[in-house]
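Colleague: just coords:
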């Protein structure tokens, strides 16, 4: 999507995120930042999510569309399926959890962790590209970089989770704390541990190569409709402590 884009290096109080590529897509100036680095060299538990979100905000970004490769916990899902989660469970362990480490005490409302207006736009765009789309899924984020155990997957299923990935949190929460609209589109790369003989990185890459054009089409279509996004409360979700 952003080949031949203008490359920008950004500095933030949280460090330096990966280089940002900027180009115009159908009259919209779009910034793309690769979470894992240009060469996919940063593992999920080492991604500087705070620098990414604040770096994008410093460039004037107001809405973020994330993309995730996920495993399927629900037996209804299958590799190659597209999902736009409605909720998320954070099972990460050692990542920074907030932009507000010092006083005054700040809370953030995540009753709707994903921007409902941006989700609606993604869903409308996805329905034009795929016949089967999951729109009520709950995504659980784990620490990684290892895959989950079968027992962990059974636990997540009992908690009501449908999908599992390693990069959904705390990214979504930092976006809300920064007052940015955020939604994500996922593709199912594999069935989770215990639901198939083994989980391999090659399988993830193979499925990704088959769905990348669909993902790009959905995101591109959504970008063209950004001016029609309905008003939301993402910028007003901060609640100061007493």
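Modeller: The structure has been received and is ready for your questions. Remember, it's a predicted structure, so these values are computed and weren't measured experimentally.
Colleague: any idea how far the helix ranked longest in the chain is from the chain center?
Modeller: Determined from DSSP state H, the single longest helix within the chain is helix 201-224. Remark: helix 201-224 is offset 13 Å from the chain centroid, using CA atoms, centre = their mean, to the nearest Å.
Colleague: same question for stretch 56-65.
Modeller: Counting by CA atoms, centre = their mean, stretch 56-65 comes out at 14 Å from the chain centroid.
Colleague: quick one, phi/psi of the nearest residue to residue 168 once chain neighbours are set aside?
Modeller: Nearest non-adjacent residue to residue 168, counting by CB to CB, 6 or more residues apart in numbering: residue 141, 4.1 Å away. (Glycine included, C-beta is placed from N, CA and C.) Residue 141 has phi and psi values of phi -110, psi 130 when expressed as degrees, to the nearest 10.
Colleague: shouldn't residue 141 be in contact with residue 87?
Modeller: No. Residue 141 is beyond contact range of residue 87, at 11.5 Å (criterion: CB atoms under 8 Å).
Colleague: neighbour count winner among the two?
Modeller: Taking neighbours as other CB atoms under 10 Å, residue 141 and residue 87 compare with residue 141 leading, 25 against 17.
Colleague: residues in contact with the spatially closest residue to residue 230 that is not a sequence neighbour?
Modeller: Leaving aside its chain neighbours, residue 230 sits nearest to residue 117 (4.4 Å; criterion: CB to CB, 6+ apart). Residue 117 sits next to 181, 229-232 when contact means CB atoms under 8 Å, 6 or more residues apart in numbering.
Colleague: helix or strand right after the host helix or strand of residue 117?
Modeller: Using DSSP states H and E, residue 117 sits within helix 116-127. Using DSSP H and E, the helix or strand that follows helix 116-127 towards the C-terminus is strand 133-134.
Colleague: point to the residue nearest the middle of this structure.
Modeller: residue 66 (3.7 Å; CA atoms, centre = their mean).
Colleague: beta partners for that one?
Modeller: According to DSSP bridges, residue 184 are recorded as the beta-bridge partners of residue 66.
Colleague: measure the residue nearest to residue 225 when sequence neighbours are not counted to residue 53 for me?
Modeller: Sequence neighbours aside, residue 121 is the residue nearest to residue 225 in space, at 5.7 Å (criterion: CB to CB, 6+ apart). Going from residue 121 to residue 53 by CB to CB, to the nearest Å gives 20 Å.
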